[in-house]
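Asks: sequence first, predicted model second:
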Amino acid sequence: MQIAHPDPGPLARDLDVLAGQVAFDRARIVELGCGRAELTRALATRFPDARITALEVDRVQHAHNLGIGDLPNVVFGYGGAEAIPLPDAAVDVVLMAKSLHHVPVGAMDAALREIARVLVPGGLAAFSEPVYAGEFNAVMSIFHDEREVREAAFAALQRAVAGGTFELVAETFHTALRQYADCEDFERRMIGVTHTEHRLSAAQLAAVRERFGRSMTPAGACFHQPMRIDVLRRRSGAA
């Protein structure tokens, strides 16, 4: 397993990469850390016969998600990876998209044990995580540097494989496209998130705007974010 790769991989959407590695159709899926439910919507629309439980720990965002009424194959719930409110062996697939590194570092191993608990034997857990590289990362790290938590998340995955709870099925790298109309759009979507309180100094905000401005064009700002996807299989007998 590698935390990064010198070749950032092809430009692709997370779901397109995941769909080539995980059988989502007709699966019982739990998505942990669904956020604004953007991936949830794409997954539910593309695989209408899948049954999806989408969990979020940010109560403000969860309240918004409960207002979504046009996804009949999705149930939104409140909860995190450390204590998944589902019975043993309840799902075929667990999905964490850019969310494992948001689990408190001290709880990451427990979260992976919980994921193994709710998976059927042989079930798959897919983790999409940003690679600590690229211009988007350079902008974000001015006020929210995630190097340590991303390294901790990767180390937790390694331990889960080395300890025999999971086996590695696939590890792939690709590049995701992130687009913003302008810096105000970026500040609203990335600095103004409800799951984390970002308090930027005047100097930090100025630095963010300057660095972001380097990517601005008449059509907006476009970033290529390197990503890593690890797909693990729950071993029989693991809990």
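Replies: Yes, it's here. Numbering: from 1, shown residues only.
Asks: ok, residue 59 to residue 81 distance?
Replies: 16 Å (C-beta to C-beta, to the nearest Å). Bear in mind the C-beta positions are built from the backbone N, C-alpha and C, glycine included.
Asks: how about residue 54?
Replies: 13 Å.
Asks: and residue 95, by the same measure?
Replies: 11 Å.
Asks: also residue 123?
Replies: Residue 123 is 15 Å from residue 81, by C-beta to C-beta.
Asks: neighbour count winner among these two?
Replies: Taking other C-beta atoms under 10 Å, residue 123 and residue 81 do not tie; residue 81 has more neighbours (26 against 21).
Asks: per-residue pLDDT, the more buried one?
Replies: Per-residue pLDDT puts residue 81 at 95.
Asks: which stretches of the protein have low pLDDT?
Replies: For the chain, the stretches with pLDDT under 70 are 196, 237-239.
Asks: can you show me the strands along it?
Replies: 28-32, 51-56, 74-78, 91-97, 119-130, 166-180, 216-217, 220-234 (DSSP state E).
Asks: quick one, which of the ones you listed is nearest to residue 147?
Replies: Set against residue 147 and scored by C-beta to C-beta, these come closest in strand 119-130, at 10.8 Å.
Asks: buried stuff in the closest one?
Replies: By 16 or more other C-beta atoms under 10 Å, the buried positions in strand 119-130 come out as 119, 123, 124, 125, 126, 127, 128, 129, 130.
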